[in-house]
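**Student:** sequence plus the predicted model coming up.
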Amino acid sequence: MAAEPIVVFPSGGWHGIPPGQRSWLEEFARKRRLLAVADDAPAPIEQLSLEQLSSVEWTSASAIVMHPAWVHIAVPLKPRCLIAMLPPPEQAEEALWTKCRTWLCAYATLVVTGSEAFYLEQSFRRGSVFLMDGLDETSDLFARQAAEWHIDGFESDTLIRLQQRHRANWRNELLQKQEHAADAAANGYADGLFYHSVYRYLIGEAEYSRKLLLISFEQMLLEGRGNTLQNVYRFLSAIELELGHLQDAVRTYGYTAGGDAEWRYAEQLTKWLAGGKRELVKAQLYRLNDDYRKAAALLEPVADDPEARTLLIEIYIQMGRLHSALTLGEAEHRQSAGDRRQWQHLQGTALLLEGKRHEAIHCFLSAGENRQEDLNGMIELAVMDEVARELTRGNKEAN
């Protein structure tokens, strides 16, 4: 097992890796064969160029991918284990990297992140997600252990539950300290309540989650926060689903609807409920609360129904599961020329992630055959190629 290679795709050379993760990897290299696609990797870590990637026996190798721009290179290699160990999204992250991040996480065996917000977002999209933010030693230990278990071919379901429960308790302890602080608003007390509510939702404590959410909502109103109905109170509709209160959940979403699109969703939910389409109502409510994982689980058994299939395709695309979306839908089912071009772009991206680069380029060209602005797929591919090459270059003087 120790001889099976682990290949690191860094975020800017070896020394671009965050110090905590880098020290863990360097310690890992003492007992495993570690390679890095970086020109500044120190011994005993083996340097690997982009051109040498094809020489690795990927059926027995693990990949640790540390930047979204690697997605079109790492995913097609089909490593035995693919760990997405990503930095937090930037404040104003470019749309391309947001998409790449989504695709990479969808195809990964395991996701590890240093951002609590992104950790919770991914927990609503897939299993095997861990937080390693350097703020809590026990939580970080769960994440490192999960990575090592997956590299050794084991699952991490037990660790997922342990970390979620630990984070819930950690949030509770932190809130107790913040509650008695002089300025609760300044130290993020209301946000902490919301995060705690989400953790309790994840571990199945819906009633407790509801209580925390309402306190958080009240606190944010007292602080004069904006958009609290959409950003906070709406989550009550997901909690009410967990409690089995479907009509209450629909009503709650209706209270929070703002703008034409959301009002249409509220009307649709009411019509579906009146027509007895309860599974569609539940799935749509979960989706509108960003819980794509539960929404997909409800729709997959009824995907023969046209409305369920259409909604499921949208959810798969939002989750980054492009192959699943394409399996359910065909380009001829797209009604407008714009829809068909978007579908071709989706096909091109899926082909790219399968390693079929030439076929992907053909799809991108077809999508942009009549409109130059629809050549975005080609432009994005060129940008991804260039950034991936830049990520291999590190600070050699740091050695």
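**Tutor:** Here it is on my side, so go on. Numbers count the residues shown, from 1 in each chain.

**Student:** next one, pLDDT for Ser54 please.
**Tutor:** Reported pLDDT at Ser54 in the predicted model: 95.

**Student:** what's the answer for Ala2, then?
**Tutor:** At Ala2, pLDDT is 48.

**Student:** can you check His180 too?
**Tutor:** The per-residue confidence score, pLDDT, reads 75 for His180.

**Student:** what's the answer for the one 5 residues further on, then?
**Tutor:** Among the per-residue scores, Ala185 holds a pLDDT of 61.

**Student:** and what of Arg334?
**Tutor:** If you check Arg334, the pLDDT there is 63.

**Student:** also the one 3 residues further on?
**Tutor:** The confidence metric pLDDT takes the value 70 at Ala337.

**Student:** ditto for the one 10 residues further on
**Tutor:** pLDDT, Gln347: 93.

**Student:** name the next helix or strand downstream of the helix or strand where it lies, please.
**Tutor:** Assigned by DSSP states H and E, Gln347 falls within helix 337-353. Using DSSP H and E, the helix or strand that directly follows helix 337-353 along the chain is helix 357-367.

**Student:** and the angle from that next one to helix 337-353?
**Tutor:** An angle of 170 degrees separates the directions of helix 357-367 and helix 337-353 when computed by axes from the mean of the first three to the mean of the last three Cα atoms, to 10 degrees.

**Student:** how far does the helix or strand following helix 357-367 sit from its chain's centre?
**Tutor:** Sequence-wise, the next helix or strand beyond helix 357-367 is helix 376-391, with elements assigned using DSSP H and E. In terms of Cα atoms, centre = their mean, to the nearest Å, the gap separating the centre of helix 376-391 from the centre of its chain is 21 Å.

**Student:** report the angle between helix 376-391 and helix 337-353.
**Tutor:** Taking the same axes, to 10 degrees, helix 376-391 and helix 337-353 form an angle of 30 degrees between their directions.

**Student:** report the buried residues of helix 376-391.
**Tutor:** Using 16 or more other Cβ atoms under 10 Å as the burial criterion, the residues of helix 376-391 that qualify are Gly377, Met378, Glu380, Leu381, Met384, Val387, Ala388, Leu391. To be clear about C-beta, it is placed using only N, CA and C from the backbone, and glycine gets the same treatment.

**Student:** now do that helix: which elements does it pack against?
**Tutor:** For helix 376-391, the helices and strands in contact under the criterion 3 or more Cβ pairs under 8 Å, 6 or more residues apart in numbering; DSSP states H and E are helix 71-74, helix 95-107, helix 337-353, helix 357-367.

**Student:** redo those as TSV? Include distance to Ile64.
**Tutor:** As requested, these are exported to TSV (distance: least, Cβ to Cβ, whole Å):
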stretch	distance to Ile64
helix 71-74	9
helix 95-107	12
helix 337-353	18
helix 357-367	23
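
**Student:** quick one: low-confidence residue ranges for the stretch 151-300 of the chain.
**Tutor:** When the per-residue scores of the stretch 151-300 of the chain are filtered using pLDDT under 70, the ranges that remain are 182-186.

**Student:** rerun at 80
**Tutor:** Screening the stretch 151-300 of the chain residue by residue with the criterion pLDDT under 80, one finds the ranges 179-187.

**Student:** just the stretch 1-150 of the chain next, same as before
**Tutor:** 1-3.

**Student:** now flag whichever of the buried residues of helix 376-391 is closest to Pro19.
**Tutor:** The shortest approach to Pro19 among those belongs to Leu391, at 17.6 Å (Cβ to Cβ).

**Student:** from Pro79, how far off is the closest one?
**Tutor:** With the distance defined as Cβ to Cβ, to the nearest Å, Leu391 ends up 17 Å from Pro79.

**Student:** tabulate the CA atom coordinates of stretch 354-372 in PDB.
**Tutor:** Taking only C-alpha atoms (Å, rounded to 0.1, in the frame of the first residue of the first chain), the coordinates of stretch 354-372 have been written out as PDB:
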ATOM      1  CA  GLU A 354     -13.900  12.500 -19.500                       C
ATOM      2  CA  GLY A 355     -10.600  13.200 -21.200                       C
ATOM      3  CA  LYS A 356     -12.100  13.500 -24.700                       C
ATOM      4  CA  ARG A 357     -10.500  16.900 -25.500                       C
ATOM      5  CA  HIS A 358     -10.900  16.800 -29.300                       C
ATOM      6  CA  GLU A 359     -14.600  15.900 -29.000                       C
ATOM      7  CA  ALA A 360     -15.100  18.600 -26.400                       C
ATOM      8  CA  ILE A 361     -13.500  21.300 -28.700                       C
ATOM      9  CA  HIS A 362     -15.800  20.200 -31.500                       C
ATOM     10  CA  CYS A 363     -18.900  20.700 -29.200                       C
ATOM     11  CA  PHE A 364     -17.600  24.200 -28.200                       C
ATOM     12  CA  LEU A 365     -17.100  25.100 -31.800                       C
ATOM     13  CA  SER A 366     -20.500  23.900 -32.700                       C
ATOM     14  CA  ALA A 367     -22.100  25.900 -29.900                       C
ATOM     15  CA  GLY A 368     -20.300  29.000 -31.300                       C
ATOM     16  CA  GLU A 369     -20.900  28.300 -34.900                       C
ATOM     17  CA  ASN A 370     -23.300  31.200 -35.500                       C
ATOM     18  CA  ARG A 371     -22.400  33.500 -32.500                       C
ATOM     19  CA  GLN A 372     -18.900  34.400 -31.600                       C
END
